[in-house]
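**Q** Build me a structure from this.
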Amino acid sequence: MMFTMLLLISGCAANNDESMSNSLDFYEQTHNYHKMIDLYKAELKKSDSTSIRTKLANTYLLIDDYESSLFTLVPLLEKNDVSSEILSIKAKALYKINDFYNAQLTCETILANESINAEIENMMGLIHAENNRYEESRLYFNRARTHFHDDTIIQNNLAVLDLFERKPQAAISRLTPLYRQDKNDIKIKSNLLIAFAQIDDVSAVRSILMSQYSQSEIDGIIAELLELKL
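**A** All right, here's what the predicted structure looks like:
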């Protein structure tokens, strides 16, 4: 009788775990991050778990709640052995709240333990760019590229450096192939428009915008882009 009861209890637990997993999969696919947060918090109320707490902190990142993400990580960061995954979430949250100093320290801690981490190398590039250290930024972006970080992300980031350094033609060379691949990428399109404006190629700007905006709207956008040169 006791054996049967134990089987039933463990079976119930397994079903609950499966139900939660299915719910999380559904909410993730539908980008219902608030529901995912509710599920993770409900689990943590039952029993604290490093895995669940880490997932909760990461999900807070997805809704741009960086303070809650950092707050959720506090007990994990107080432990002796903190994983790179946890430190990576911390670094992202710190970067998003413009705490570049501590974001850099966190990234450096990760890279001290891992010789290769393309995502963190890319973030180091972003941090250096925010601090106007363009040479260091470019080195880290290329290092991330060497370690096979997403080509579109890296090329766009390098193009932004080109724009900062007043090298619009270099930015255009990087961005044009990316724009042809995906004309709906807002970041690529915006940076390409800025690059063309920097070389006063108004016809190229009009060509990019004409399918979405009226002539009067395009004139307004061009005026704003040209003001960025001042």
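**Q** Quick check on the residue lying closest to Glu67 once chain neighbours are set aside: phi, psi?
**A** If the residues on either side of it in the chain are set aside, Glu67 comes closest to Ile97, at 7.4 Å by CB to CB, 6 or more residues apart in numbering. Bear in mind the C-beta positions are built from the backbone N, C-alpha and C, glycine included. Note on Ile97: backbone dihedrals following degrees, to the nearest 10 are phi -100, psi 20.
**Q** is it true that Ile97 touches Ser68?
**A** No - if you go by CB atoms under 8 Å, Ile97 and Ser68 don't touch, sitting 11.5 Å apart.
**Q** So these two - more neighbours on which side?
**A** Counted by other CB atoms under 10 Å, Ile97 and Ser68 do not tie: Ser68 has more neighbours, with 17 against 13.
**Q** hmm, back to that, pull up the per-residue confidence for the residue nearest to Glu67.
**A** We have a pLDDT of 98 for Ile97.
**Q** Then Glu224?
**A** Looking at Glu224, its pLDDT reads 95.
**Q** any idea where the helices of this protein begin and end?
**A** Per DSSP state H, the chain has helices spanning 2-29, 33-46, 50-62, 66-77, 84-96, 100-113, 118-130, 134-146, 151-164, 168-181, 186-198, 202-209, 215-227. These are given in chain order.
**Q** Which of those has the lowest mean pLDDT?
**A** Per-stretch mean pLDDT for those is lowest at helix 2-29 (a mean of 63).
**Q** Can you tell me how far Ile86 is from Thr54?
**A** Look at Ile86 and Thr54: by CB to CB, to the nearest Å, they are 6 Å apart.
**Q** shared neighbours of the two, which are they?
**A** 73, 76 (CB atoms under 8 Å, 6 or more residues apart in numbering).
**Q** Asp65 versus the residue nearest to Glu67, what's the distance?
**A** Distance of Ile97 to Asp65, computed by CB to CB: 11 Å.
**Q** and what of Ser19?
**A** 26 Å.
**Q** Distance check, Ser69 against Leu94.
**A** In terms of CB to CB, Ser69 sits 10 Å off from Leu94.
**Q** count of neighbours near Ile208?
**A** Per other CB under 10 Å, the neighbour tally for Ile208 reads 17.
**Q** cool, and Glu227?
**A** Glu227 has 9 neighbouring residues, counting by other CB under 10 Å.
**Q** Pull the contacting residues for the residue most central in space within the chain.
**A** Nearest to the mean C-alpha position of the chain, by CA atoms, centre = their mean, lies Lys92 at 7.4 Å. Residues near Lys92 by CB under 8 Å, 6+ apart: 61, 103, 123.
**Q** doesn't Ala91 make contact with the first one?
**A** No - distance between Leu61 and Ala91: 10.7 Å, which falls outside the contact criterion (CB under 8 Å).
**Q** more crowded one of those two?
**A** The neighbour count for Leu61 versus Ala91, taken as other CB under 10 Å, is higher for Ala91 (26 against 17).
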